[in-house]
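Engineer: Okay, predicted coordinates and the sequence, questions at the end:
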Amino acid sequence: MKFYYLIAVITLTIFGCKDEVKKTEGDFTYFGGEVISPINDVVILSYADKIIDTLKLNSKNRFLYKFKDFKTGLYSFSLQSAITLEYQTVFLEPNDSIIFRLNTSDFDESLVYTGIGAKKNNYFINEFLQNEINEKKIYKYCLLSPEKFESKIDSLKQIKYKKLDAFKNKYKTSNLFNKIAKTNIDVSYYSSKEIYPIMHYRHNKKDIINAIPKDFYSYRKTINYNDEFLKNDYNYIKFLRNSSDNQAIRTHLVHSNNEPFSRWSLCYNLDRLTLIDSLIVNTQIKDDLLYNYTIDYLTKSKNAKNNEAILNFYLSKSKNATNKEFISSYALSIDKLRIGDKLPNVSILNFNNEVIDINTLISSPTVMSFWSNKHYSHFKESHKKIKELKVKYPEVRFIAINVDECGLPTLKKSLKINHFAFDDEYKFKDSEHSIKTLAIQPITKTIIIDKHKKIVNSNTNIFSLNFEEQLLGLINR
């Protein structure tokens, strides 16, 4: 409470005497926070996808930042939680003095703002949480006919409009706040419509699309697919992804020869990338979407020719040199992880800090999984799963490798706290090089190798429905 009292004093001192202090000398915008159970002492503040400053927490896990060259708009801040690097947005206007408080173990749900400008941001965070609740309902609504589905999500939208109107009537809001708030409601609604044919339980996508009324997507005529102001807004980007997925289906079905629809077919993914290239001209938005879809495809496809086709299309359209270099390197690494090939050698450390070549560990059927403290939930769940699999399949060796840059004491502490044994636990000697060499993305990736050190599956997941079938096949080879 002392912290907030101090901020209140600062705020009143700066903003409470406008008649006595000249505007050019006394008007400032502040952003600060208090982090409960911080993983580290760093909070990163960004604007328009560019880092403004890296802020350090003090001994009481607090910080206060005074803007020098302030611009009104949506900012983002990120910090490490127990699970991953978390992000949230904050809407800042001139003379705001906003303080957040959150607990890293319950990031979004614990986030609350105080100070001048807090109410509008609490409105946004509450809407964000409500969207997560509504999303589960909407997935169920996708089982309904188009007309009933539309009626259901129309009701959800009207509830949001009423809440926004009540908020605007109670508090003085700016035109920019009103624009952002309404846009968030609209694009969330549009996004829900876009996922309807994707999430519908019927497998015949052509029948689903033919059943949709002609005016179901009439809003597309008014959509700005290149909104510079919203290019970093979560709801807007989510809508663009869902819309790209959906619109590409219609294009794909024209020349798919009535084959069953697959999200991972080369044809559909090329159709989607082509659509993005033609629909979006904003360089950042286009590059981000092309990158995300390309990397997503490469992580799941095992067909070298298809990967090459997707990669070549991406390289011909993207203007982001850094991303192009990374994806080219990533695709090259995937190409070296073909079935039947030997696993590329990388150096790892055992828990005695001894350097070992990774292939020397393989003399029997082996499953190699990876983990990170940055993805804490996956770390715990994957180790529990491996513990079960070790009992069921004693013929298989299960190796877990940490990908973080931290030292062994940190890893041992994570394992010990969660009551996991140190058996067959290792870490990369050079994490950056090893992650690139073994194409470890996402962290859930698992590699299966046979007793002859040959790759059986370079990209599976221990939580896959058919994973145990893969293990039985491995044992019987």
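Structural biologist: Looks like it arrived, so ask away.

Engineer: name the element the nearest residue to residue 121 once chain neighbours are set aside belongs to?
Structural biologist: Closest residue to residue 121 apart from its sequence neighbours, by Cβ to Cβ, 6 or more residues apart in numbering: residue 113 at 4.5 Å. C-beta coordinates here come from the backbone N, C-alpha and C atoms, glycine included. Using DSSP states H and E, residue 113 sits within strand 112-116.

Engineer: Likewise for residue 456?
Structural biologist: With DSSP H and E as criterion, residue 456 is part of strand 455-460.

Engineer: One more: residue 58?
Structural biologist: Here residue 58 sits in a region with no helix or strand, counting by DSSP H and E.

Engineer: residue contacts, residue 405?
Structural biologist: 431, 432 (Cβ atoms under 8 Å, 6 or more residues apart in numbering).

Engineer: still on that earlier bit, bridge partners for the residue nearest to residue 121, pull those for me.
Structural biologist: residue 100 (DSSP bridges).

Engineer: residues contacting it?
Structural biologist: Applying Cβ under 8 Å, 6+ apart, the residues contacting residue 113 are 90, 98, 99, 100, 101, 119, 121, 122, 125.

Engineer: What distance do you get for it to residue 88?
Structural biologist: The gap separating residue 113 from residue 88 is 10 Å, by Cβ to Cβ, to the nearest Å.

Engineer: so what's in contact with these two at the same time?
Structural biologist: Contacts common to residue 113 and residue 88, judged by Cβ under 8 Å, 6+ apart, are residue 125.

Engineer: List buried residues within the contacts of residue 113.
Structural biologist: Listed as buried from the contacts of residue 113 are 90, 98, 99, 100, 101, 119, 121, 122, 125; burial here means 16 or more other Cβ atoms under 10 Å.

Engineer: got a markdown table for those, with pLDDT and distance to residue 449 too?
Structural biologist: Output for the buried ones among the contacts of residue 113, formatted as a markdown table (pLDDT from 0 to 100; distance: Cβ to Cβ, whole Å):
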| residue | pLDDT | distance to residue 449 |
| --- | --- | --- |
| 90 | 94 | 47 |
| 98 | 96 | 52 |
| 99 | 96 | 52 |
| 100 | 96 | 46 |
| 101 | 95 | 48 |
| 119 | 97 | 56 |
| 121 | 96 | 50 |
| 122 | 96 | 51 |
| 125 | 93 | 46 |
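
Engineer: and which of those is nearest residue 167?
Structural biologist: Of all these, residue 167 sits closest to residue 119, with 8.0 Å by Cβ to Cβ.

Engineer: thought that closest one was touching residue 171?
Structural biologist: Yes: assessed by Cβ atoms under 8 Å, residue 119 is found in contact with residue 171 at 5.6 Å.

Engineer: Would you mind listing the residues touching both of these two?
Structural biologist: Both residue 119 and residue 171 lack any common contact, where contact means Cβ under 8 Å, 6+ apart.

Engineer: what's the burial count for the nearest residue in space to residue 418 that is not next to it in sequence?
Structural biologist: Spatially, and ignoring its direct neighbours in sequence, residue 418 is nearest to residue 380 (5.8 Å; Cβ to Cβ, 6+ apart). Residue 380 sits with 17 neighbouring residues when counted by other Cβ atoms under 10 Å.

Engineer: give me the element residue 380 is part of.
Structural biologist: Residue-wise, residue 380 maps onto helix 376-392 under DSSP H and E.

Engineer: as a whole number, average confidence for that helix?
Structural biologist: Average pLDDT, helix 376-392: 92.

Engineer: ok, and what's touching it?
Structural biologist: By Cβ under 8 Å, 6+ apart, helix 376-392 touches 81-84, 367, 369, 371-373, 396, 398, 400, 414-415, 418, 420, 443-444, 462-463, 468, 471.
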